[in-house]
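Q: please find the sequence and the predicted model below.
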Amino acid sequence: MSPANVGYQAPSVSVSSTLPKRTVDSSVLIVPVVSGSDDSAAPTVVANPFLDAEAVGEIEVALEALGAKGSAESLTRVVVPALPVGSVLAVGLGKDSGDWSADVIRRAAGVAARSLNGTEAVITTLSDIDLNAAVEGLILGAYRFTDFRSAKTAPKDTGLRSITALSTGAKKDAAQRAADIATAVATARDLVNTPPSHLFPDEFAKRAKALGEAAGLQVEILDEKALEKAGYGGIIGVGKGSSRPPRLVRLTHKGAKQRGKAAKKVALVGKGITFDTGGISIKPAANMHHMTSDMGGAAAVIATVVLAAKQRLPIDVIATVPMAENMPSATAQRPGDVLTQYGGITVEVLNTDAEGRLVLADAIVRAGEDEPDYLIETSTLTGAQTVALGARTPGVMGSDEFRDRVAGLSQRVGENGWPMPLPEELKDDLKSTVADLANVSGSRYAGMLVAGTYLREFVPEGVQWAHIDIAGPAYNTGGPWGYTGKGGTGVPTRTMFAVLEDIAANG
Ligand code: BES
Ligand code: MN
Ligand code: ZN
């Protein structure tokens, strides 16, 4: 694998200020349309500088003839012989508001891309914000995962081959930045979608190393011997039921030195359970296969630090990623065992299925030794997250101010994290009769917040931290929607990158 070929290969992106004179037959012009004033009216093409009145007229006549409506995320494909493209794909933005949120554009572009195969897309953009969102949405929507299909079921042609974004300013950099962000999301999705047969801790660590080295990161990997020796009791305890031993991966982007000023240092921590059976506290069989996604936090953290390096963010970013497979076996930890987390806090493991917090506590303590200004940790941590917030809304906990900042940025990028509290009284639920802490509470209440409360015990004083629970949002078990297909979603890669950019800009 050459460095350039590590990770997801996105379609190429270019920017043009005019509609190309002639394109190949496989080209599609994607045109945003809005619904008419009343439900019976035909859609209209959103005004743009790339199509003249005649072309717009022809598109609208064709849409009307087909009974198109222009409702949000609706698609209508028409052939317009006067235009130099194979076909036109009208994508609905809903009612004409004159001003659409980035995520409306991103989703519309994503829906369009999901319907295309082996195509060269030419997309009509409306503004600068829209250029970013459109390119991002197109690449996200064009994502396919076919690594494990033989010729028997492999689709002949997949996704988009190339994208030409129509934009009046020369915005090649903006378009490329959007493409890089979407590529990072796709890299995280690839990792999540790789089945547990093929992605186990050692293999996961190797892939993180290859991605990190290709981006110029410093890479450190601790194997089971090094982990044992240094006292990573949580990672060892969770990993010891598996024949495939655990790892701790550290990826460092040194951006602060580049600018020679006292820039910020951000620690990222992500849960990397390559498969979660529950261990001896075994999970029910129904839907256990969803636990292939239990390394979604790790995947997003790896993709984010790699992206930070590619974008040369002028801050230090250090990812600390614990990787283990939670299996039941004769060597597995038992409910009632006591282990010592890295740093010395002892824990009574009352439930081996609450394993995420055990590997994360070790990693958070290690990350704290680097004395970061900020610590963002993300994990598919609790089923209670989906009970509280559903499948598409990450729960964001942590230091009040930073939590709100992270949730706000998450909403801005369309990943929609929502702030949640960590009520003081929940700490009492984690009292153990034999150790410093128990890993689960005796109560059924507030499972997501109890897990956050557990992690808080390991965050050093003075570090601004955020915990993002993505149990539901990391993995789409329902049908495709917007730019999100089935399987790994890459959430919260775009949230974390937005936070890093914000810290780089504002401290
Ligand atoms: N990986 C699971 C959480 C999860 C559940 C992720 C559903 C995605 C979808 C985690 O390790 C777990 O098993 N948590 C337990 C905690 C409980 C034992 C306190 C849970 O949520 O049931
Ligand atoms: Mn579990
Ligand atoms: Zn888990």
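A: Yes, it's here. Ligands and ions are numbered 1, 2, ... in the order given.

Q: which strand or helix spans V365?
A: For V365, the host element (DSSP states H and E) is helix 356-368.

Q: ugh, typo on my part, it should be E501
A: Assigned by DSSP H and E, E501 belongs to helix 493-506.

Q: contacts for that helix?
A: By CB atoms under 8 Å, 6 or more residues apart in numbering, the list of residues contacting helix 493-506 from outside reads 181, 184-185, 188, 255, 263-264, 266, 268, 300-301, 303-304, 307-308, 311, 313-315, 317, 373-374, 376, 378, 394, 405-406, 409-410, 412-415, 417, 466, 468. All C-beta atoms are positioned from the backbone trio N, CA, C, and that covers glycine.

Q: picking that back up, tell me how far the helix holding V365 is from the chain's mean position?
A: Average the C-alpha atoms of helix 356-368, do the same for its chain, and the two points are 20 Å apart (CA atoms, centre = their mean, to the nearest Å).

Q: can I get that helix in PDB? Just the C-alpha atoms.
A: This file holds the C-alpha atoms of helix 356-368, laid out as PDB (Å, rounded to 0.1, in the frame of the first residue of the first chain):
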ATOM      1  CA  GLY A 356     -16.300   0.500  27.500                       C
ATOM      2  CA  ARG A 357     -15.900   2.600  30.600                       C
ATOM      3  CA  LEU A 358     -13.100   0.300  31.800                       C
ATOM      4  CA  VAL A 359     -11.000   0.600  28.600                       C
ATOM      5  CA  LEU A 360     -11.800   4.300  28.400                       C
ATOM      6  CA  ALA A 361     -10.800   5.100  32.000                       C
ATOM      7  CA  ASP A 362      -7.300   3.800  31.300                       C
ATOM      8  CA  ALA A 363      -7.100   5.800  28.100                       C
ATOM      9  CA  ILE A 364      -8.400   9.000  29.700                       C
ATOM     10  CA  VAL A 365      -5.800   8.800  32.500                       C
ATOM     11  CA  ARG A 366      -3.000   8.200  29.900                       C
ATOM     12  CA  ALA A 367      -4.300  11.100  27.800                       C
ATOM     13  CA  GLY A 368      -4.300  13.300  30.900                       C
END
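
Q: for it, give the mean pLDDT please.
A: The average pLDDT within helix 356-368 is 99.

Q: is it in proximity to ligand 2?
A: No - using CB under 5 Å from the ion, helix 356-368 never reaches ligand 2; the gap is at least 6.2 Å.

Q: helices or strands next to that helix in the packing?
A: Packing partners of helix 356-368 (3 or more CB pairs under 8 Å, 6 or more residues apart in numbering; DSSP states H and E): helix 233-239, strand 247-254, strand 265-270, strand 272-276, strand 316-326, strand 346-349, strand 374-379, helix 447-456.

Q: give me that answer again for 7 Å
A: Where contact means 3 or more CB pairs under 7 Å, 6 or more residues apart in numbering; DSSP states H and E, helix 356-368 is packed against helix 233-239, strand 265-270, strand 316-326, strand 374-379, helix 447-456.

Q: circling back to that earlier point, mind checking which of the contacts of helix 493-506 land in strands?
A: V266, L268, V317, Y374, I376, T378, A466, I468 (DSSP state E).

Q: show me the contacts for the closest residue to the first one other than its chain neighbours.
A: If I follow you right, that is V266. Counting by CB to CB, 6 or more residues apart in numbering, V266 lies nearest to Y374, which is 4.7 Å off, once chain neighbours are set aside. When contacts are counted by CB atoms under 7 Å, 6 or more residues apart in numbering, Y374 is found next to K264, V266, F402, Q464, I503.

Q: residues near the residue nearest to the third one when sequence neighbours are not counted, how many?
A: Leaving out its chain neighbours, the residue that sits closest to F402 by CB to CB, 6+ apart is Q464, at 4.0 Å. A count of neighbours around Q464, defined by other CB atoms under 10 Å, yields 21.

Q: show me what contacts Q464?
A: Q464 makes contact with D373, Y374, S399, F402 under the criterion CB under 7 Å, 6+ apart.

Q: verify the stated contact: the third one with W465.
A: Meaning S399. Yes - using CB atoms under 7 Å, S399 makes contact with W465 at a distance of 5.5 Å.

Q: looking at those two, which is more packed in?
A: When S399 and W465 are compared on other CB under 10 Å, the one with more neighbours turns out to be W465, at 25 against 20.
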